[in-house]
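Visitor: the sequence and its predicted three-dimensional model are supplied below.
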Amino acid sequence: MISELSKLLDDVTVAADWVGFRAVREQRNIRSMRDAIPTQNGRSLSQGLMVEVLVRGQLGYAAVNRMDRESVHQAVENAYQQAIASSEWGIHMLTPAVRPKVVGQFIAPSLHAPDALSPADVNDILMRLCTTLKVSDQVVQTMATAITTSLETWFVSSNGSQAHQHFRLIETHYGATAQDGAVVQQRSNNGFLAHAYQGGWEHFLTDDLWARSLQVGEQAVELLTAEDCPTENTTLMLAPDQMMLQIHESVGHPLELDRILGDERNYAGGSFVQPTDFGQRQYGSELMNITFDPTVAGEFASYQFDDTGAPAHREYLIRNGRLERGLGSLESQERLGVPGVACARASSWNRPPIDRMANINLEPGSQSLAAMVSSIERGVYMETNRSWSIDDQRYKFQFGCEYGRLIENGQFTKTLRNPNYRATTPEFWHSLVQVGDRSTWQHYGTPFCGKGEPNQLIRVGHGSPVCVFAGIDVFGGGK
Amino acid sequence: MSAIADLETTFTQLVEWLRNALFPTEQFTLELMGEHSHFIRFNRARVRQAGLVTDGQLTLTLMEQDRQSFCQIPFTGEWDLDLPVLKTALEDVRDELVYLPIDPYLVLPSLQESSRDVHVGHLLISEDVADAILPTVTDCDFAGLYAGGVSIRAYADSCGTQHWFATDSFTLDYSLFTDDGQAVKGTVAGSDWQQDKIITKLTQSKQQLQRMAMPPRAIAPGQYRTYLAPAAVADLISMFSWGGISESALQRGHSALGLLQRGDRTLSPLFNLSENFRQGLVPRFNSLGETAPIELPLIVKGQLVNTLVCSRTAKEYGKVANGASASEQLRSPEVKPGSLLPDQILAELGTGLYLSNLHYLNWSDRPTGRITGMTRYACFWVEQGDIVAPIENLRFDESLYQCFGDRLVDLTHTQEVIPDVGSYDHRDLGGTLVPGVLVDGFTYTL
């Protein structure tokens, strides 16, 4: 593919300062069951080419789902005209420095290829999961899903880039809904498609698969008779599967430089973070260490180069609570004059790259789970996100979880249903009082991070230990 | 992208080829989603990104012996490119089908009335769009997205049903900001670009922005009489498509309307919701080629009279299908108007909050119908019928059984179409036809 693209690039005749081709081929297999009955069995192929042309300081783009010579030449001409038409109105004069030369290859590690299991094998596993989840007649719905993806990108440019990346991905989900009259509760395996990883079936066929699915079904039923989460200001302990959402919404998005630059204000929103905050702002307590880390093997959004060719490295965004750098591409770094990371990413061939999260992780601390629980006189523990909402400046949030436990006198006691909490972002992260050690650290992912105009969904990964926050407003459901 | 007529010809040829390639025991459906779109993203009254996207996707679903499998492939409109890919797709799904479990609720296509619906509009050529919009707003902090072009939705099956829907359309979805971040929102949509109307709309937004220049007032959490303008109502109505009006969601305990269906809670007799395709903004056919009724009442005078029932749900639960999409989401919703006249809104509100837009809604407790979200854009504190000041954004957490039930005071006499400007994967079509809503005691929590 690289040689084909290079030949097409050699034929480009427009008088541009830079031209880049990014080809994408994404093949997915989707299998899903509800109540042990198949609901989805299929595959998809998406392939196409994104052409970017830089001229008069502006990038224009054109995307096509065919790569014959005539179509590519037309796309180059269209992208060129888009840049020319924008040149009088461009927001910033760009140079080819925002599209650095990159040569290399990255193949994400995977123990098992997507076709290591046949369609019949996968359906058998999903069916057995549904059966296992249905622990009683009170379970009114069971679901199980497995999605495998092979994603390849090829990038060539007029300044010599030749890069190829191949990712194998797996996303799985299972869960149960239990009902007793008007009381309905759901429990899932850490949230919808939260088990999203780079790699293969090894991430699904784990040793604890059947015990875990049984536990999920049992906890759905357990929640039917659990007490509602109390309404009080208390100590809040969050599991890594909820910390994923917490980090994503109240750290990842506010640190995106394109939000701070205003690009996102009409859709996803801006940020309470100001350009002058970088290097200055105490974002949270000194226990807070957040990294942009595209190097974690198996984490959902690892890569070697972003979609503009910038090489990706592990960087601290927040160290000991202090804000060091943002999530911004070379374009955004140049426009805003603050440090960023290699995070210009596009959802596919048909969208231009914008500032995106990749793997954003909270680094482990030093506390064991037992030590953290035993230190809490009264508090609430929450697992697995089920509701998320935050304002357009990423300031006031309210999140809800599937499963809660009351902590009394240093021990887990009652199970709680409908656990929710709300706070403002700075107040919340400054109240971080305990961070779990490596033994409590887990990473998850999601394919559903939405942003951009035109809209784009992108894959992100988040790892975190168990964390404890002091003085948080928690509450239950109903009204 | 090839000319629309050529795309239609190729699609029809592929359908004919499939019909001839089928084994006698097989059935298929073929869906097409295609677009040629122009996007310009604006920030600070300048162009941030501009480009063109030509895309097409075919989804082939093959059914045989109570099993089904699908394959989604690119569609270019070129017979020589598309046929080999379709052939491979057919072979792949055929090979897989025998290994799949039986699906007892599989619904086979049946002969339906075919349709052809082509809306030709008058859009700007792509190189002229920035020049048409930006000179009017160069003195403002203007951000947003222009999206325009042709969109295609098509369907065909082994029984002979075929639908073709193609429309030119554009949306201009924008915001204007004050120096301290207060903002107003505007959306223009249609099939014909009318420069005068665009300039008038932008000029009106600039005038509205002047109201935002006052220092924002911080409002303490609590309950306030609230007017929700049509765009805010449309956001609340969108929640009915997510665990709301779907029959399958109701059957499986996933719907916020379970309390209404069981008679445990009520909605206001003033509240009427229907699926209304009269505006013709979206195709009426679904993924089985079935055509929805031109109007389907869903909630009448607060009573749940219909749910959205797709054929699969109907087969599973012994219901009657009503042309709903497989996801049983609203495709062309309408909330019927009330009696509140536009010039009486502030007076009837009295003292409370005037909300132009909402943001980031989610169920905070779905079984009880509780929704949380934020205020956004042009939201004001009103005292005795006069706008006093814009507000700092507030979080609300309120049950639909309150805001469309016990506490619904009235709806406006006029409705607005709130265009659907979404563009995940492809440009969305259509919109929500809604009035404004006056609520006595809307709950704010943060």
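Guide: Okay, I see it. All values derive from a computational prediction rather than experimental measurement.
Visitor: what is the neighbour count of B:Asp355?
Guide: Rather than Asp, residue B:355 is Leu. When neighbours are counted by other Cβ atoms under 10 Å in any protein chain shown, B:Leu355 registers 27. All C-beta spots, glycine's among them, are computed from the backbone N, C-alpha and C.
Visitor: helices along the stretch 101-250 of chain B, start to end?
Guide: B:129-133, B:195-211, B:230-238, B:247-251 (DSSP state H, counting those that start in this stretch).
Visitor: mind giving me the packing neighbours of the second one?
Guide: Which is helix B:195-211. helix B:129-133, strand B:162-177, strand B:183-190 (3 or more Cβ pairs under 8 Å, 6 or more residues apart in numbering or on different chains; DSSP states H and E).
Visitor: any part of the top helix by length along chain A near chain B?
Guide: If you go by DSSP state H, chain A has its longest helix at helix A:69-87. Yes. Helix A:69-87 lies within reach of chain B by Cβ under 8 Å from any Cβ of the partner chain, at A:Ala75, A:Asn78, A:Ala79, A:Gln81, A:Gln82, A:Ala83, A:Ile84, A:Ala85, A:Ser86.
Visitor: can I get the residues you listed in JSON lines including neighbour count and pLDDT?
Guide: Below are the residues of helix A:69-87 next to chain B laid out as JSON lines (neighbours: other Cβ atoms under 10 Å in any protein chain shown; pLDDT from 0 to 100):
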{"residue": "A:Ala75", "neighbour count": "26", "pLDDT": "97"}
{"residue": "A:Asn78", "neighbour count": "23", "pLDDT": "97"}
{"residue": "A:Ala79", "neighbour count": "28", "pLDDT": "98"}
{"residue": "A:Gln81", "neighbour count": "20", "pLDDT": "97"}
{"residue": "A:Gln82", "neighbour count": "29", "pLDDT": "98"}
{"residue": "A:Ala83", "neighbour count": "27", "pLDDT": "98"}
{"residue": "A:Ile84", "neighbour count": "18", "pLDDT": "97"}
{"residue": "A:Ala85", "neighbour count": "21", "pLDDT": "96"}
{"residue": "A:Ser86", "neighbour count": "26", "pLDDT": "95"}
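Visitor: so which of those residues is the closest to B:Glu78?
Guide: Nearest to B:Glu78, judged by Cβ to Cβ, of these is A:Ala75 at 14.9 Å.
Visitor: distance check, B:Ile387 against B:His413.
Guide: 21 Å (Cβ to Cβ, to the nearest Å).
Visitor: that older thread, could the helices of the stretch 101-250 of chain B be laid out in CSV, adding mean neighbour count?
Guide: Putting the helices of the stretch 101-250 of chain B into CSV (neighbours: other Cβ atoms under 10 Å in any protein chain shown) gives the following:
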stretch, mean neighbour count
helix B:129-133, 20
helix B:195-211, 15
helix B:230-238, 23
helix B:247-251, 23
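Visitor: B:Ala321: which of the ones you listed is closest?
Guide: Across those, B:Ala321 has its closest neighbour in helix B:247-251 (9.2 Å, Cβ to Cβ).
Visitor: and the stretch 301-450 of chain A, which residues reach chain B?
Guide: A:350-352, A:354, A:387-393, A:396, A:398, A:400, A:418, A:420, A:422, A:424, A:450.
Visitor: swap the cut-off to 7 Å and go again
Guide: A:350, A:352, A:387-392, A:396, A:398, A:400, A:418, A:420, A:422, A:450 (Cβ under 7 Å from any Cβ of the partner chain).
Visitor: next, the contact list for B:Trp193, please.
Guide: Listed by Cβ atoms under 7 Å, 6 or more residues apart in numbering or on different chains, the contact set of B:Trp193 reads B:His122, B:Leu123, B:Leu124, B:Phe170.
Visitor: got a ChimeraX select line for the buried ones in those?
Guide: This is how ChimeraX selects the buried members of the contacts of B:Trp193, with burial counted by 16 or more other Cβ atoms under 10 Å in any protein chain shown:
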select /B:123,124,170
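Visitor: and of the contacts of B:Trp193, the nearest to A:Glu52?
Guide: Closest approach to A:Glu52 among the contacts of B:Trp193 (Cβ to Cβ): B:Leu124, at 22.8 Å.
Visitor: list the contacts of the closest one.
Guide: B:Ala132, B:Trp193.
Visitor: quick one: pLDDT of it?
Guide: For B:Leu124, the pLDDT comes out at 96.
Visitor: just A:Glu402 next, same as before
Guide: Predicted confidence (pLDDT) for A:Glu402: 98.
Visitor: cool, B:Met1 as well?
Guide: Reported pLDDT for B:Met1: 52.
Visitor: same check on A:Asp115?
Guide: Taking A:Asp115 on its own, its pLDDT is 78.
Visitor: name the SS class of it, please.
Guide: Assigned by DSSP: H, G, I helix; E, B strand; the rest coil, the conformation of A:Asp115 is helix.
Visitor: that one: neighbour count?
Guide: Neighbour count of A:Asp115, defined by other Cβ under 10 Å: 12.
Visitor: contacting residues for it?
Guide: Under the criterion of Cβ under 7 Å, 6+ apart, A:Asp115 has no neighbours.
Visitor: get me the contact residues on the stretch 251-400 of chain B for chain A.
Guide: Close to chain A, as judged by Cβ under 7 Å from any Cβ, the stretch 251-400 of chain B has residues B:252-254, B:259, B:264, B:359-365, B:367-368, B:370, B:372-374, B:376, B:393, B:395, B:397, B:399.
Visitor: cross the residues you listed against helices and list the overlap.
Guide: Among those, the members falling in helices (DSSP H) are B:Leu259.
Visitor: in PyMOL, select just the buried ones from the residues of the stretch 251-400 of chain B next to chain A.
Guide: A single PyMOL command suffices to select whichever of those are buried according to 16+ other Cβ under 10 Å:
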select buried, chain B and resi 252+253+254+259+359+360+361+362+363+364+365+367+368+370+372+373+374+376+393+395+397+399
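Visitor: show only the entries of the residues of the stretch 251-400 of chain B next to chain A found in strands.
Guide: Of those, the ones assigned to strands by DSSP state E are B:359-365, B:370, B:372-374, B:376, B:395, B:397, B:399.
Visitor: please list the residues of the stretch 1-150 of chain A that sit near chain B.
Guide: Within the stretch 1-150 of chain A, the positions near chain B by Cβ under 7 Å from any Cβ are A:37-38, A:41-47, A:60-66, A:78-79, A:81-82, A:85-86, A:89-91, A:118-120, A:123, A:127, A:140-141.
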